[in-house]
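Engineer: compute the structure for the input listed below.
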Amino acid sequence: MELEKNLLELLKERGYLIALSGKECDIKLVIGTPALVESLKRDRFSKLIYTFVLFPEKFPVNRENVYGIRIFPLPERTVKAFMKKKGLEKVKVAVPVSRKMVPIAKRYLPEEYFRLIVFRSTPTEVFNRLSRYRYVYIFPDPKLLRFVNLLNLINFGKENDLVFLTGLGDLKRYGVDFVQEVSYEKLAAEMVKLIESKPKEKILPCPVKE
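Structural biologist: Predicted structure coming up:
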């Protein structure tokens, strides 16, 4: 995994002692939701630093000496970057989301920029509504990201001249028009920096590629 490789290289370069599976480490760096949940429940640490957690707000991370770095840029940040690049004024962006994801989507998608288009089983249910918009943001909704659903959405968009935006780097290969993706090199550097710092923010922004 690219992030782990970058992280280990930086830690060794800075002279930190590394225990890849130690339960009693002073400082724990964890990658992924399962590792975060396990560490919060069982491990002892003086500081916990995590990333690769899609929605950290769903977990008890607002604790002393627990810090995270987002794995995808907040949607508003991606839309603003797109508008700046294209020289656009404020635009309204449609976001297809499954019903189950609505509560978390509302926390991430301010009404100033986004309109939620809710479907039950498949995004094909809301294609007519999506066609009223020019711009569509692809949110990290597990149901939406199922291969068939995603492919149907992308094909529909291309047939109807929709412009897709996302902060999910893996979607570049599907022909998404604008992708603001994480920089694993910068992310590793930010995690190492957090070892010796104590920022006011508990969840830091995703470092992105330029």
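Engineer: show me where pLDDT drops low in the protein?
Structural biologist: For the chain, the stretches with pLDDT under 70 are 1, 7, 12, 14-25, 43.
Engineer: do I have it right that K28 meets I49?
Structural biologist: Yes. The pair K28 and I49 qualifies as a contact (C-beta atoms under 8 Å) at a distance of 7.1 Å. In short, each C-beta sits where N, CA and C put it, glycine included.
Engineer: output the contacting helices and strands for the strand or helix carrying L10.
Structural biologist: Using DSSP states H and E, L10 falls within helix 2-13. For helix 2-13, the contact count by 3 or more C-beta pairs under 8 Å, 6 or more residues apart in numbering; DSSP states H and E identifies strand 27-31, helix 184-195 as packing neighbours.
Engineer: quick check: neighbours of the helix or strand just after the last one in the sheet, parallel or antiparallel?
Structural biologist: Proceeding C-terminally, helix 184-195 gives way to strand 203-204 as the next helix or strand, assigned by DSSP H and E. Strands that pair with strand 203-204, judged by DSSP bridges, come out as strand 66-69 (parallel).
Engineer: name the residue closest to the centre of the chain, please.
Structural biologist: Centroid check for the chain by C-alpha atoms, centre = their mean gives F72 as the closest residue, at 2.5 Å.
Engineer: that residue looks like it's in a helix, true?
Structural biologist: No. Under DSSP: H, G, I helix; E, B strand; the rest coil, F72 sits outside any helix and is assigned coil.
Engineer: contact partners for the residue nearest to it when sequence neighbours are not counted?
Structural biologist: Spatial nearest neighbour of F72, excluding adjacent residues (C-beta to C-beta, 6 or more residues apart in numbering): G167 at 4.0 Å. Contacts were defined as C-beta atoms under 8 Å, 6 or more residues apart in numbering; by that measure G167 touches F72, P73, L74, P75, R77, T78, V179, Q180, E181, V182, C206.
Engineer: can you pull out the helices in this protein?
Structural biologist: 2-13, 33-42, 75-86, 102-108, 127-130, 147-159, 184-195 (DSSP state H).
Engineer: quick one: buried residues of the fifth one?
Structural biologist: Spelled out, it's helix 127-130. By 16 or more other C-beta atoms under 10 Å, the buried positions in helix 127-130 come out as F127, L130.
Engineer: off-centre distance for it?
Structural biologist: 25 Å (C-alpha atoms, centre = their mean, to the nearest Å).
Engineer: pull the number of nearby residues for K198.
Structural biologist: 9 (other C-beta atoms under 10 Å).
Engineer: from memory R129 sits against V118, does it?
Structural biologist: No. Contact criterion C-beta under 8 Å: R129 and V118 do not qualify, at 9.5 Å.
Engineer: quickly list the domain ranges of the protein.
Structural biologist: Here the domain parsing of the chain from automatic domain parsing is 2-71+182-204, 75-179.
Engineer: let's have the ones you listed in TSV, adding distance to E210.
Structural biologist: Shown next, in TSV, are these (distance: least, C-beta to C-beta, whole Å):
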stretch	distance to E210
domain 2-71+182-204	8
domain 75-179	11
